[in-house]
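Student: the sequence and its predicted three-dimensional model are supplied below.
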Amino acid sequence: MAQLTRQKVIIAALTLGVVSGVLMYVFLSGRIAQSNVNYNVVVAKRDIPKGTILSTDMIQIKSLHRNIIPAGAAVNPAAVTGRATRYKILAGQPISQDDLLPLDHLSYIIPPFMRAISVGLDPVVGVAGFIRPGDHVDVIATFTIGQGTITKTILQDVELLATGTQATARQSGNTGDDTAKSNNQPNATLLVLPTQAERLILADEKGKIRLALRRADDKAFAKTPGVTGRAVIGPVPPDAPESQELFSRMFQPVASQPDINSLLAKFRQSIATRAPVYPKPTPVVQKPVEAVKVPVTEKHIQIIRGTKVEDVVVPE
């Protein structure tokens, strides 16, 4: 009886071993089959430089082993066509979403033959808080030429692509140290032609730029000659020393300018108190006019006929 029980245990063990071997074989066969699976992905036909807009002739569908396919690889050519490359892509390399710029990137908004230029704005007088992407503005620049200043509209009806802030360094004004502190300066990105980009950069480097917001449906071009400092304060009498002092002080550097309001008050007071000088009139002497006697050489008589009166000359 004990020998029979021992035989049953051996048979059961052998049976379990066979079943385990079969299951292990099936499992390993499935893993091997899965490891040999290929997938169709989008790859580059040739080397594609950075910043290239992908077209259908640059890509192709290729079957690759699953172990060499990167995460996020594109499987549909339409998903990458028209997108710009973030990095250089080698021939045969699978194209993933990480290799492409995001769809909301600014480079997709710029039309052909146009340029996007960013300029800094004055944080106090700029209109960055009132304009939004898609608005149209005029660019007005102020330059200092010699001792004079001129303000001129250099660009009109320019589309605004984006607004933002840029971190710049500023010095501490209390202790005189050179410790740099963060200062956010507003800036605007404008859509311009290449020739307009040159004018805009020069104005930003050599002068001060303001943006004037236009009405949405205003497409008219205004012809403006610009304005100078002399035109703003108006003509002044050449013999007035106060006016010469005012004019010379108006075009001094800002750091050395005195109080302009006091100079203006002094100038207006000098003009108001200065009485006009007129030349004395020359007296006119009138001579007496002698009476002219007219000799009477004819006689007149009146003939009355009813209601009619007739004057008749009677010779002497």
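Tutor: Perfect, thanks for sending it.

Student: and the longest strand for the chain?
Tutor: Looking across the chain with DSSP state E, the single longest strand is strand 148-171.

Student: could you pull out the strands for the stretch 51-200 of the chain?
Tutor: Using DSSP state E, counting those that start in this stretch, the strands of the stretch 51-200 of the chain run over residues 59-65, 115-120, 136-145, 148-171, 180-192.

Student: sheet partners, orientation included, of the third one?
Tutor: Pointing back at strand 136-145 there. When sheet partners are counted by DSSP bridges, strand 136-145 sits next to strand 148-171 (antiparallel), strand 208-213 (antiparallel).

Student: let's have the ones you listed in CSV, adding mean neighbour count, mean pLDDT and distance to residue 40.
Tutor: All C-beta spots, glycine's among them, are computed from the backbone N, C-alpha and C. Output for those, formatted as CSV (neighbours: other Cβ atoms under 10 Å; pLDDT from 0 to 100; distance: least, Cβ to Cβ, whole Å):
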stretch, mean neighbour count, mean pLDDT, distance to residue 40
strand 148-171, 16, 76, 38
strand 208-213, 17, 89, 51
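
Student: show me the shaky parts of the chain.
Tutor: Low-confidence segments of the chain, defined by pLDDT under 70: 1-4, 8-9, 25-36, 104, 122-129, 165-185, 234-265, 267-300, 306, 312-316.

Student: what do you get if the cut-off is 80, keeping everything else the same?
Tutor: 1-37, 66, 103-109, 120-130, 146-147, 163-186, 229-316 (pLDDT under 80).

Student: related to what we said a few turns ago, as JSON lines, the strands of the stretch 51-200 of the chain with distance to residue 38 would be great.
Tutor: Shown next, in JSON lines, are the strands of the stretch 51-200 of the chain (distance: least, Cβ to Cβ, whole Å):
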{"stretch": "strand 59-65", "distance to residue 38": "4"}
{"stretch": "strand 115-120", "distance to residue 38": "43"}
{"stretch": "strand 136-145", "distance to residue 38": "54"}
{"stretch": "strand 148-171", "distance to residue 38": "44"}
{"stretch": "strand 180-192", "distance to residue 38": "45"}
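
Student: and the ones you listed: which comes nearest residue 7?
Tutor: With Cβ to Cβ as the measure, strand 59-65 is the member of those nearest residue 7 (50.6 Å).

Student: list the buried ones in that closest one?
Tutor: Across strand 59-65, burial judged by 16 or more other Cβ atoms under 10 Å covers 59, 64.

Student: which residues touch that strand?
Tutor: 36-45, 77, 80-81, 92, 94-95 (Cβ atoms under 8 Å, 6 or more residues apart in numbering).

Student: just the CA coordinates of that strand, formatted as PDB?
Tutor: Output in PDB follows, covering the C-alpha atoms of strand 59-65 (Å, rounded to 0.1, in the frame of the first residue of the first chain):
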ATOM      1  CA  ILE A  59       9.600  61.600 -45.400                       C
ATOM      2  CA  GLN A  60       8.500  58.000 -46.000                       C
ATOM      3  CA  ILE A  61       6.900  55.100 -44.200                       C
ATOM      4  CA  LYS A  62       9.300  52.400 -43.000                       C
ATOM      5  CA  SER A  63       8.800  49.200 -41.000                       C
ATOM      6  CA  LEU A  64      11.100  49.200 -37.900                       C
ATOM      7  CA  HIS A  65      11.700  46.900 -35.000                       C
END
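
Student: alright, I will stop here.
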